[in-house]
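Visitor: just need the structure, nothing else, for what follows:
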Amino acid sequence: MNEVKLAVLGGKGTGKSESIYNKHLCLEGKQLNLEIYDPCSQSQKVKVSLTSELHWADGFVIVYDISDRSSFAFAKALIHRIREPQTSHWKRALEAAVLLVGNKQDLCHVREVGWEEGQRLAQDKRCQFCELSAADQCLEVEIMFIRLIKDILTNLKLKEKRRPSGSKSMAKLINNVFGKRRKSV
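Guide: From the prediction side, this is the model:
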């Protein structure tokens, strides 16, 4: 059974609450164990560290409120932190799947962030993008998660196909070039 871990991140006022969700589901004939970490909304004044989330998650949902420009700026900082080159002590084999979500579409009459801005940020940072009202559009929320889970599964398949590294693969390379190892004399 594949395990998929998602982190849902966003600033204060984006409609998030602290929770950990576990769900078993079947997607395209495969059994999955889905774990979603939804930390309490991060303070926008606190430095964006995300160290534990970056190590833990296979993918990220970054949420901003379309009626709050500061939440969009915070989402931008979160994506930048996820996409920045990793430090030497930890390297992600493949780029994480990220979905940028403009929430509270039902408040479009007080919109501060245009759809085009969200779309442009997502394209620039190699993310998926959607805009919705989580309170009113539960089917769209489900579709959004399924799309991201499919991306994560694709990434996990690619990660499995990558060549192993380290001494074992070096030994195989040497054996292929010079033949089998001889016993020590």
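Visitor: give the buried residues for whatever helix or strand Leu32 lives in.
Guide: For Leu32, the enclosing helix or strand under DSSP states H and E is strand 30-38. Across strand 30-38, burial judged by 16 or more other C-beta atoms under 10 Å covers 32, 34-38. Glycine gets a C-beta too; all of them are placed from N, C-alpha and C.
Visitor: who's in contact with the host helix or strand of Arg120?
Guide: Using DSSP H and E, Arg120 sits in helix 115-124. With C-beta atoms under 8 Å, 6 or more residues apart in numbering as the test, helix 115-124 has contacts from 64, 66, 72, 75-76, 79, 100, 102, 127-129, 131.
Visitor: packing partners for the next helix or strand after it?
Guide: Once the chain leaves helix 115-124, the next helix or strand it forms, by DSSP H and E, is strand 128-131. Judged by 3 or more C-beta pairs under 8 Å, 6 or more residues apart in numbering; DSSP states H and E, the packing partners of strand 128-131 are strand 97-103, helix 115-124, helix 138-161.
Visitor: show the average pLDDT along the longest one.
Guide: In this case it means helix 138-161. On average, the pLDDT along helix 138-161 is 82.
Visitor: same thing with the first one?
Guide: Averaging pLDDT along strand 97-103 yields 92.
Visitor: restricting to C-alpha, output that strand in CSV.
Guide: Output in CSV follows, covering the C-alpha atoms of strand 97-103 (Å, rounded to 0.1, in the frame of the first residue of the first chain):
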residue,chain,number,x,y,z
ALA,A,97,4.2,18.5,-5.9
VAL,A,98,2.7,21.8,-5.0
LEU,A,99,-0.8,23.2,-5.4
LEU,A,100,-1.5,26.9,-4.9
VAL,A,101,-5.1,27.5,-3.9
GLY,A,102,-6.9,30.8,-3.9
ASN,A,103,-9.7,30.2,-1.3
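Visitor: now the contacts of helix 115-124 in TSV, with distance to Arg111?
Guide: Shown next, in TSV, are the contacts of helix 115-124 (distance: C-beta to C-beta, whole Å):
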residue	distance to Arg111
Tyr64	12
Ile66	5
Phe72	11
Ala75	15
Lys76	17
Ile79	20
Leu100	16
Gly102	9
Cys127	20
Gln128	21
Phe129	16
Glu131	10
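Visitor: between these, which is nearest Ala7?
Guide: Using C-beta to C-beta, Ile79 is the member of these that lies nearest Ala7, at 12.4 Å.
Visitor: how confident was the prediction at that closest one?
Guide: The model's pLDDT for Ile79 equals 91.
Visitor: do Ser52 as well
Guide: 62.
Visitor: quick one on the thing from earlier: can I get the helices and strands packed on strand 128-131 in a markdown table including mean neighbour count?
Guide: Listed next are these as a markdown table, based on neighbours: other C-beta atoms under 10 Å:
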| stretch | mean neighbour count |
| --- | --- |
| strand 97-103 | 25 |
| helix 115-124 | 15 |
| helix 138-161 | 15 |
